[in-house]
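*Asks:* Please find the sequence and the predicted model below.
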Amino acid sequence: MKTILTGNHAVAYAVKLSRVKVVSAYPITPQTTIVEKIAEMIAKGEMDAEFVNVESEHSALSVVYGSALAGLRSFTATSSHGLLYMYEMCWWVSNSRLPLVMAVVTRTIGPPWNIHTDHTDLMTLRDSGWIIAMAENAQEALDLTIQSFKISESLNLPFAVGLDAFVVSHTAEVVDVPDQETVDEFLPERKQAYRVDPNDVFAVGNIADNLETMRIRREMALDMEKAKGVIDEVGREFGEIFGRRYGLVEEYMVDDAEYIVVMTGAWSGDAKEAVDILRERGIQIGLLKLRYIRPFPREVIERLDDRKILVVDRSFSMGHRGTLGIEVGNVVDCKNVVAGLCGVDVGFEDFKEMFERFVRGELGEVEWWI
Amino acid sequence: MVDLRCVLLPGNPSCQGCPHAIGLKALSVLENPIVVVPAGCTTIIAGFNPKQSIDLPVVHVPFASAPAVACGLSKAYDNVVVWMGDGATDIGFSTLSGSAVRNDNILVVVSDNEAYMNTGIQMSGTTFWKAKTTTTPAGKREEKKDLALIMLMHRIPYVATASVGYMRDFVRKVKKASKIKGFKFIHLHSPCPPGWRFDSSKTVEVARMAVKSGAWILWEYDGSFRITGMSRMFRDKSKRIPLTEYLRVQGRFKGLTEEDVRTIEERIDEVWKLLDVLENTINKA
Amino acid sequence: MEWLKTLISRPSKGVSGKTGYWRTFKPIYDRDKCVLCYECYVYCPENCVEIVEKVVKIDYDFCKGCGICSEVCPANAIEMVKED
């Protein structure tokens, strides 16, 4: 059913449709309206779940960690400083191999205080074992959230759905909200590798041998590789049932492109417009949108090593270069532009100029678009 | 009391005379509990993979998170109990408070050995006045917070103090708490032989001396506030043993001056006065 | 899912081995003095005191020799004796 929803509300509806049982979150702009919507739906009896009010993000993730351990499908949401405040728990959750979903509305980290988008906060999860996806718009935010439960529970890895602050979270767009029956068809009941139960006497997380612990980290790494196949398969299945296909990446005019721009997030939409304009002028340019940061779509990028590649980053790794610039640069040669940090607006006009300069070979190795 | 099921299996890593090992027995009166254990001595006492020494389901959690994780578990199960130390009530103070404000259906037992013992005896918020720890080598200058009274102010259905020196009183309180819905809090006094510097055979004696000197007061609140057990007798200061007797037996108070002892006594007198007011005021009878 | 074995642990006695070897002093029980008050049973930190048919039984495999049983006994029925 098509309706008008902000990205945040789209996530809230996806959480309801996914039959989540426990939601706990602490308010932080610009995530707050996700959980406010959920609290409202629960209070109205539209959603059969419990909303737990907590006094911090660290506790928010702790509460859903507990409910997820007990076998209840659970969800939380945060941004920026909130994510950093629960950071310790993020690693505890992934190392526990617990299926769990969290929405991260990407927001700049201070000081100075800044509530607008960049991807720095989401990128801090890169090493943790969380699967990380990034939505381009409200529809993707909804679709990825529904898929996240299935993917997370298949792999026993937690899943973070990213969406840009305000640009996606608070912008109302036309969204096709699926009906409950179809979602139930796609998303079965929760499963997880182990569940805490008063009748099953065991301890979770005792001190363990160093070598054994390293072995299970390696197993996690291997499962992250398996995740690539699972993500593409679930994305394909989603496409068959709901008519919108997903996967690790979205390839926009990539096949015959001589020049390829790699990026993630909301601004991919504006970048696609710039790609269209350059194509009209006969430039063979395409866009590879990374839907997933983790697992990193290495194989997809490897296949493009014969093209000229530009990576546009909305986050920077201080002391090195743009985050995705480092990651993609590890696989193929590429130029790196750092833009839109701290909420600086980058529209299709900017991208037009940026891509033209890229095609003309006028970009340095790393350029800050200021 | 004669049927305390063994919760902590023998041959575990706890020190000789460990108060947690004594206190944990009280959990045997709970029906099918799940125990949440944040970082602390009990993390180690719980053993090493693939074995664990606690004969109950245990969830190990990060230091500050225990009451919140217990809250999450309580959405599926009754009888979730947090077994944590005083350290966790410092770093996880907001977590503890938030959980109480929500009136989460959990039991929180703080087994308080008055320092961050697991990391080697550093000062905590509940470390006794003037006590020596590795971070207060000249004696604690900082204040001591009264955890149980703070929790009382959260308006939860059950708050109590207890001591490993008086197990009957503690077990009765755990049993009582387990029958109440909502947030229950028990502050358990747990003298630590290596941390407080006394012989491992004296754990129970030191715990009893704390109560007999009036330094540790046994009370409970279940709608009405009352002093309980042995502490009822020690409302009368003349019936108490001298505070110095309690202090002298512990190496952590070596070098305490008479003035120090007087300052401590003043603090203790203040608490007794306050508890007296509470007993006379919060009385549903 | 090999990792499950490292994350999950199951209850066992003797996690630190037969901790009886920690002892310097050994509790020796005198049945004649015993009044069956159960204090040693209640306060033994190691849970290695059992009362079997009105007699105290100490599991010396695990007894760490802390001496609490001796201290709490009101009848002086347990004495701590130095072990060789």
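*Replies:* Perfect, thanks for sending it.
*Asks:* what's the single longest helix in the chain?
*Replies:* If you meant another chain, say so; for now it's chain A. In chain A, assigned by DSSP state H, the helix with the most residues is helix A:210-242.
*Asks:* let's do chain B instead
*Replies:* Assignment by DSSP H; longest helix in chain B turns out to be helix B:258-281.
*Asks:* returning to what we had before: and the longest helix of chain A, what's buried?
*Replies:* For helix A:210-242, burial by neighbour count (16 or more other C-beta atoms under 10 Å in any protein chain shown) applies to A:213, A:215-216, A:219-220, A:223-224, A:227-228, A:230-232, A:234-235, A:238, A:242. C-betas here are computed from N, CA, C, even on glycine.
*Asks:* quick one: which of those residues is nearest to B:W219?
*Replies:* A:T213 (44.1 Å; C-beta to C-beta).
*Asks:* which residues touch the closest one?
*Replies:* Under the criterion of C-beta atoms under 8 Å, 6 or more residues apart in numbering or on different chains, the contact list for A:T213 reads C:T6.
*Asks:* what pLDDT does it get?
*Replies:* Confidence at A:T213, expressed as pLDDT, is 97.
*Asks:* Next one: it from B:L278, what distance?
*Replies:* Spatial separation of A:T213 from B:L278 under the definition C-beta to C-beta, to the nearest Å is 49 Å.
*Asks:* May I ask you to confirm that A:V168 is in contact with A:G7?
*Replies:* Yes. Using C-beta atoms under 8 Å, A:V168 is in contact with A:G7, at 3.7 Å.
*Asks:* any shared contact partners between these two?
*Replies:* Residues touching both A:V168 and A:G7 comprise A:105, A:135, A:137-138, A:141, with contact defined as C-beta under 8 Å, 6+ apart.
*Asks:* Looking at A:V168 and A:G7, which is more packed in?
*Replies:* More crowded of A:V168 and A:G7, by other C-beta atoms under 10 Å in any protein chain shown: A:G7, with 33 against 30.
*Asks:* Now do the more buried one against A:S62, distance only.
*Replies:* Relative to A:S62, A:G7 is positioned 26 Å away (C-beta to C-beta).
*Asks:* same deal with A:R126?
*Replies:* Using C-beta to C-beta, we find A:R126 at a distance of 22 Å from A:S62.
*Asks:* the more surrounded of those two?
*Replies:* Using other C-beta under 10 Å as the criterion, A:R126 and A:S62 rank with A:S62 on top: 34 against 16.
*Asks:* Make sure I have this right: the more buried one is in a helix.
*Replies:* Yes. According to DSSP: H, G, I helix; E, B strand; the rest coil, the state of A:S62 is that of a helix.
*Asks:* Contact partners for it?
*Replies:* When the contact criterion is C-beta under 8 Å, 6+ apart, the partners of A:S62 are A:89, B:61-62, B:65, B:68-69, B:71-72, B:95.
*Asks:* Once you drop chain neighbours, what's closest to the residue in the stretch 151-285 of chain B positioned nearest to chain C?
*Replies:* For the stretch 151-285 of chain B, the nearest residue to chain C under the criterion C-beta to the nearest C-beta is B:S201, separated by 2.8 Å. Closest residue to B:S201 apart from its sequence neighbours, by C-beta to C-beta, 6 or more residues apart in numbering or on different chains: C:G67 at 2.8 Å.
*Asks:* ok, now which ones touch C:D32?
*Replies:* Contacts here follow C-beta under 8 Å, 6+ apart; on that basis C:D32 touches C:A77.
*Asks:* Angles on the backbone of it, please.
*Replies:* Listed backbone geometry of C:D32 is phi -60, psi -30, with angles given as degrees, to the nearest 10.
*Asks:* can you tell if stretch B:17-30 touches chain C?
*Replies:* Yes. Counting by C-beta under 8 Å from any C-beta of the partner chain, chain C is contacted by stretch B:17-30 at B:17-19, B:21-22, B:25.
*Asks:* ok so, going back, these two touch, right, the residue nearest to B:S201 and C:F25?
*Replies:* Yes. If you go by C-beta under 8 Å, C:G67 and C:F25 touch, sitting 6.1 Å apart.
*Asks:* what touches both of the two?
*Replies:* Common contacts of C:G67 and C:F25 (C-beta under 8 Å, 6+ apart): C:M80.
*Asks:* which of the two has more neighbours?
*Replies:* Relative neighbour count places C:G67 above the other of C:G67 and C:F25, with 23 against 19, counting by other C-beta under 10 Å.
*Asks:* contacting residues around that one?
*Replies:* So, once contact is read as C-beta under 8 Å, 6+ apart, C:G67 ends up touching B:16-17, B:199-201, C:25, C:27, C:80.
*Asks:* Can you add pLDDT and secondary structure and give those residues back as TSV?
*Replies:* Compiled in TSV, those are given as follows (pLDDT from 0 to 100; DSSP: H, G, I helix; E, B strand; the rest coil):
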residue	pLDDT	secondary structure
B:Q16	97	coil
B:G17	97	coil
B:D199	97	coil
B:S200	97	helix
B:S201	97	helix
C:F25	97	strand
C:P27	98	strand
C:M80	97	strand
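*Asks:* Would you list the phi and psi of the residue in chain A that chain B sits nearest to?
*Replies:* For chain A, the residue closest to chain B is A:G66, as judged by C-beta to the nearest C-beta, at 2.2 Å. Backbone dihedrals for A:G66, given as degrees, to the nearest 10, come out at phi -60, psi -50.
*Asks:* wait, which of the buried residues of helix A:210-242 is closest to chain C?
*Replies:* Within these, the smallest distance to chain C is 3.8 Å, found for A:I216 (C-beta to the nearest C-beta).
*Asks:* Give the closest residue to that closest one in space, chain neighbours not counted.
*Replies:* The spatially closest residue to A:I216, leaving aside those adjacent along the chain, is C:W3, at 3.8 Å (C-beta to C-beta, 6+ apart).
*Asks:* what about the one you found, distance to B:V159?
*Replies:* With C-beta to C-beta as the criterion, C:W3 and B:V159 are 41 Å apart.
*Asks:* Please say which of these two ends up with more neighbours.
*Replies:* Here C:W3 and B:V159 are compared on neighbour count by other C-beta under 10 Å; more neighbours surround B:V159, at 28 against 20.
*Asks:* quick one: the more buried one is in a strand?
*Replies:* Yes. With the criterion set as three-state DSSP, the secondary structure at B:V159 is a strand.
*Asks:* residues near residue 34, how many?
*Replies:* I went with chain A, as the question did not name one. 32.
*Asks:* meant chain C, my bad for not saying
*Replies:* C:C34 sits with 18 neighbouring residues when counted by other C-beta under 10 Å.
*Asks:* ditto for the one 5 residues further on
*Replies:* Other residues near C:E39 come to 22 when the count uses other C-beta under 10 Å.
*Asks:* Quick check, it in contact with C:S70.
*Replies:* No. Using C-beta under 8 Å, C:E39 is not in contact with C:S70; the gap is 10.6 Å.
*Asks:* ok, back up a step: what mean pLDDT does the longest helix of chain B get?
*Replies:* Here the mean pLDDT over helix B:258-281 is 97, rounded to a whole number.
*Asks:* what helices or strands is it leaning on?
*Replies:* On a contact count with 3 or more C-beta pairs under 8 Å, 6 or more residues apart in numbering or on different chains; DSSP states H and E, helix B:258-281 meets strand B:219-221, strand B:225-227, helix B:243-248.
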